[in-house]
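[1] Coordinates for the following, if possible.
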Amino acid sequence: MTRSRTAAVLAAAAMLPALLTGCSDTNPGSSRPPARPEGTSTGTDATRETTREAARETSRKTARRTVPARRAAPAPVRVPAGVTAGYAVVDVTTGKTVAQRQAHHRFRSASVVKILIATDYLERHRGTIPARDMALLTPMLRGSDDDAATALWRRGGQGEIVRRMARRIGLTETSPPPAAKPGFWGYTAISAADIALVYRYLLRRADPRVRDFVLGNLRKASQCARDGFDQFFGIPRAVPRPWAIKQGWSGYGAVPPVRCTRAKATSYRIGSVTMGGNPVDFGRPVLHTTGVIGDRLIMVVLTLQPSGASFTQSAERVTKLARDLYLSVA
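    Down below sits the predicted model:
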């Protein structure tokens, strides 16, 4: 074989691998496989993608079938021995009752009825509130002033105030005092469920003018009530601010255990009276804590305390009950 023919054969042999694979590498020194044209895939990549898509579809189906876990209802909190308690806690956003116990049991209202007295007045009187009436409404709501409540109660028609508000809000267990005691606004019958509805009404349905006045004053409740009793029991001492509160107490005499201001109150005892088939005890002391906690919860705790119980002992029991209740739903 001639030298020129031998060179031609060797050149052809060098080109043979490129001709057989049908591709060339622009970087002859690279050991990487040739790049695939965009949009193509190898069999292995296609298999992986199919597997991933199947996994995603399975995940989507599982998510559609999965029902979110529902939070278990809180167990009823312990009520101290000798105490009759009715309570209700309502979620402000949903309107659902998240905790309750004897929520429809009726108690005498004590000063809690002052919310109804103020709301009824504001809804019957449009425009600017006269100074003389402002001087009654503000201390009645902030300091639970009894004389102010009595003046507004008489001017509003006494028991008619309760009847009007019950019709407007839809209260089913709230009724005026016994016929023999028409001037005793503190003997209005209430339940925890109904008072929760009153707060719900103020937050959601009442005219903003009424809502802002009533709740605005309840947010500024003073520690010492006008009758000399410390009204920071229950919600004020059990849960963090902010809150708007209306407290109630009756049956502890005229002299508070720790005097804040000059007291001028009288304790009335007329025993148990049946109203509409649902008995209301007017003999044993009552201590109530009610209000709106932040912008999230309505809490109403109504209690009938043991006969002869001191105000201090009762306040401690109600505060612990409110704290336990709050922690069970917070």
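
[2] Helices of the chain, residue ranges please.
    For the chain, the helices defined by DSSP state H occupy 3-21, 43-65, 114-124, 131-142, 146-155, 159-169, 192-204, 208-218, 235-238, 311-329.

[3] least reliable of those going by mean pLDDT?
    For the helices of the chain, mean pLDDT drops lowest on helix 3-21, to a mean of 45.

[4] Bridge partners for Gly291, pull those for me.
    Ile245, Met299 (DSSP bridges).

[5] contacting residues around Gly82?
    With contact set as CB atoms under 8 Å, 6 or more residues apart in numbering, Gly82 has these partners: 305-306, 309. Backbone N, C-alpha and C define where each C-beta goes, glycine included.

[6] Out of these, flag the one nearest to Pro139.
    Ranked by distance to Pro139 (CB to CB), these are led by Gln305 at 26.1 Å.

[7] and that closest one, backbone torsions?
    With angles defined as degrees, to the nearest 10, Gln305 sits at phi -90, psi 160.

[8] okay, it: pLDDT?
    Gln305 carries a pLDDT value of 97.

[9] Could you report the distance from the closest residue in space to His105 that isn't next to it in sequence to Leu116?
    Spatial nearest neighbour of His105, chain neighbours left out: Gly86 (4.1 Å); criterion: CB to CB, 6 or more residues apart in numbering. Going from Gly86 to Leu116 by CB to CB, to the nearest Å gives 18 Å.

[10] At the geometric centre of this structure, which residue do we find?
    Leu297 (1.3 Å; CA atoms, centre = their mean).

[11] Which pLDDT does the model give that one?
    98.

[12] Quick check, it in contact with Ser328.
    No: contact criterion CB atoms under 8 Å: Leu297 and Ser328 do not qualify, at 11.5 Å.

[13] tell me which residues form a beta bridge with Arg101?
    For Arg101, the beta-bridge partners under DSSP bridges are Tyr87.

[14] Just the C-alphas of stretch 147-161, formatted as CSV.
    The C-alpha coordinates for stretch 147-161 follow below in CSV (Å, rounded to 0.1, in the frame of the first residue of the first chain):
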residue,chain,number,x,y,z
ASP,A,147,-79.0,56.5,92.3
ALA,A,148,-78.4,57.3,88.7
ALA,A,149,-79.9,53.9,87.7
THR,A,150,-83.0,54.6,89.8
ALA,A,151,-83.6,58.0,88.2
LEU,A,152,-83.3,56.6,84.7
TRP,A,153,-85.3,53.5,85.6
ARG,A,154,-88.3,55.6,86.8
ARG,A,155,-88.1,58.0,83.8
GLY,A,156,-88.0,55.0,81.4
GLY,A,157,-91.1,53.3,82.7
GLN,A,158,-89.4,50.9,85.1
GLY,A,159,-90.2,47.3,83.9
GLU,A,160,-91.2,48.6,80.5
ILE,A,161,-87.5,49.2,79.9
